[in-house]
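Asker: next input, structure requested:
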Amino acid sequence: MKTSQKQNQTIAHWVTRTLASLCICTLLACQTEAPPLVAPPTPPPPPPPPEVYVANQAVAEPSQNSFTPKLDILFVIDDSGSMAPHQQRLAANIARFVESFSVEDFIDFHIGVVSTWDSVRYGSLVPEFNSSGARNFDPIGELKVLKAPAQSPSLLEGKSERFLSRSSFADRRDFLAVLKETLLIGYRQYCCSEAKLRELRAEAKKAGREPKIEYMGPEFEELFSPVVAALGAPERLSGPNRGFFRPGSQLVLVFMTDADDGSPTISVNWFHEYLLDLTRDRSGANLSTYGIIHPSKQASSPACPKDPAGTAAKVEDFLAKTKGKVFNICSQDYGNELAKMGREIRKKTLEKFTVYLNRIPEEGSLVVRYGNLELKEGEVPGWIKNSAQKKVTVLGLDQLPHQPGAKVDIKFTNVDPNRPDRSHRIGGQ
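Answerer: Numbers count the residues shown, from 1 in each chain. Have a look, this model is predicted:
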């Protein structure tokens, strides 16, 4: 018993020591292992920098466009009976008129024709159609239908425009042929005072027939009123005159008459103000005026008589106010005078024309070129800008050598569209 008890104590002691050793080893083993890695917390983002607006920066896409000076020429031609020889002379020499500006490939020109008007007679004393069904007068301000020469009737097939442009015909000879025919608007022989018309109508009524009055042209030729209708009447602009006049173009008015303006409700001052507003330039730089007339100082002669109503004093007053030119309708040097007129029109069209931009350009981003020449800001030849009005005025192209096919190219970067009064927003300190 004693021996067994002693053996049991020895075994228990060994077990205890063994367990203790195992625990110690286990603890030591745990302490020698590396602790698990843990990522540090992500720091908060730094605060954004304050907004700073810096010049010469932009966010929108660059803009680049080609521009051409626009020239709109309106002939206002007296169609009274005495004008037949004058229309013939104008048509015969019209090539001299267009030669100066038509050679400039990049002048975008329109040429249209209207006849005079008589608001006292037309529509009241004079019916729209005569006894044969022909028109006694055209609607006021309506551009004349283009006419092809008799030997080439097919020239105008498929063309609906009432005006001529550079793109009307590929062949210059065709262009001139149609222009000549269109300027020959014909004439309407004056017939009858108001009292005589009443007498003729009374006789016809008594006889139970229509009055046969074939020539019922104007008595008081109006030159100003058809211009207002041609360029401003909604029914003309949306109808036969569509696309002829382009606001901001160089507008040229050529009046041809042997009488004076008879517009009863349009004064010289009102007409002038109307045209300045229409052309978008109060300085008159976009307006050129010419009068092929009987000058007041020119005496009447059997070879070139004046209208019995008197001189063209009102037309002369208007030409003086607009710094226009008087051209003697009886001149013996008709062709050279028309050529001079064309050269003046070319010069005025090129010496200053305005381009209206679709966006506001960034400061310092505008580049203006004419063909292979870069134009400088503030110089002549050169350009100036008005960013607030989104326009660039090109100056002095008439002083530069002609470049066939050249146009004015304008390149710029748009201002931030959301902040048109400031430059592009970027981060700063």
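
Asker: mind listing the helices for the stretch 301-429 of the chain?
Answerer: In chain order, the stretch 301-429 of the chain shows helices spanning 313-321, 334-351, with DSSP state H, counting those that start in this stretch as the criterion.

Asker: list the buried residues for the first one?
Answerer: If I follow you right, that is helix 313-321. Residues of helix 313-321 classed as buried under the neighbour-count rule (16 or more other C-beta atoms under 10 Å) are Lys314, Val315, Glu316, Asp317, Phe318, Leu319. All C-beta spots, glycine's among them, are computed from the backbone N, C-alpha and C.

Asker: run through the neighbouring helices and strands of that helix.
Answerer: With contacts defined as 3 or more C-beta pairs under 8 Å, 6 or more residues apart in numbering; DSSP states H and E, the secondary structure elements packing on helix 313-321 are helix 268-278, strand 287-293, strand 325-328.

Asker: return the most buried member of these.
Answerer: strand 287-293 (a mean of 24; mean count of other C-beta atoms under 10 Å).

Asker: output the helices of the stretch 301-429 of the chain as CSV; include the columns mean pLDDT.
Answerer: As requested, the helices of the stretch 301-429 of the chain are exported to CSV (pLDDT from 0 to 100):
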stretch, mean pLDDT
helix 313-321, 95
helix 334-351, 93
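
Asker: reformat those as CSV; add distance to Val228.
Answerer: Rendered in CSV, the data for the helices of the stretch 301-429 of the chain read as follows (distance: least, C-beta to C-beta, whole Å):
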stretch, distance to Val228
helix 313-321, 13
helix 334-351, 22
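
Asker: which residues are in contact with Ser119?
Answerer: With contacts taken as C-beta atoms under 8 Å, 6 or more residues apart in numbering, Ser119 has the following neighbours: Ile140, Glu222, Ser225, Ser263, Pro264.

Asker: name the nearest of those relative to Val394.
Answerer: The shortest distance between Val394 and any of the contacts of Ser119, using C-beta to C-beta, involves Ser225 and amounts to 34.0 Å.

Asker: does the closest one count as helix, strand or coil?
Answerer: Remark: Ser225 carries the secondary structure label helix [criterion: DSSP: H, G, I helix; E, B strand; the rest coil].

Asker: how close does it sit to Tyr274?
Answerer: For Ser225, the distance to Tyr274 (C-beta to C-beta, to the nearest Å) stands at 11 Å.

Asker: which residues are in contact with both of these two?
Answerer: Common contacts of Ser225 and Tyr274, defined by C-beta under 8 Å, 6+ apart, are absent altogether.

Asker: could I get the full set of helices for the stretch 51-200 of the chain?
Answerer: Secondary structure of the stretch 51-200 of the chain (DSSP H, counting those that start in this stretch): helices at 84-92, 94-102, 172-183, 194-207.

Asker: export those helices to a markdown table and tack on mean pLDDT and distance to Trp117?
Answerer: Converted to a markdown table, the helices of the stretch 51-200 of the chain look like this (pLDDT from 0 to 100; distance: least, C-beta to C-beta, whole Å):
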| stretch | mean pLDDT | distance to Trp117 |
| --- | --- | --- |
| helix 84-92 | 93 | 17 |
| helix 94-102 | 92 | 23 |
| helix 172-183 | 95 | 18 |
| helix 194-207 | 87 | 17 |
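
Asker: same list (those helices) but as TSV, adding mean neighbour count.
Answerer: Output for these, formatted as TSV (neighbours: other C-beta atoms under 10 Å):
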stretch	mean neighbour count
helix 84-92	16
helix 94-102	20
helix 172-183	18
helix 194-207	12
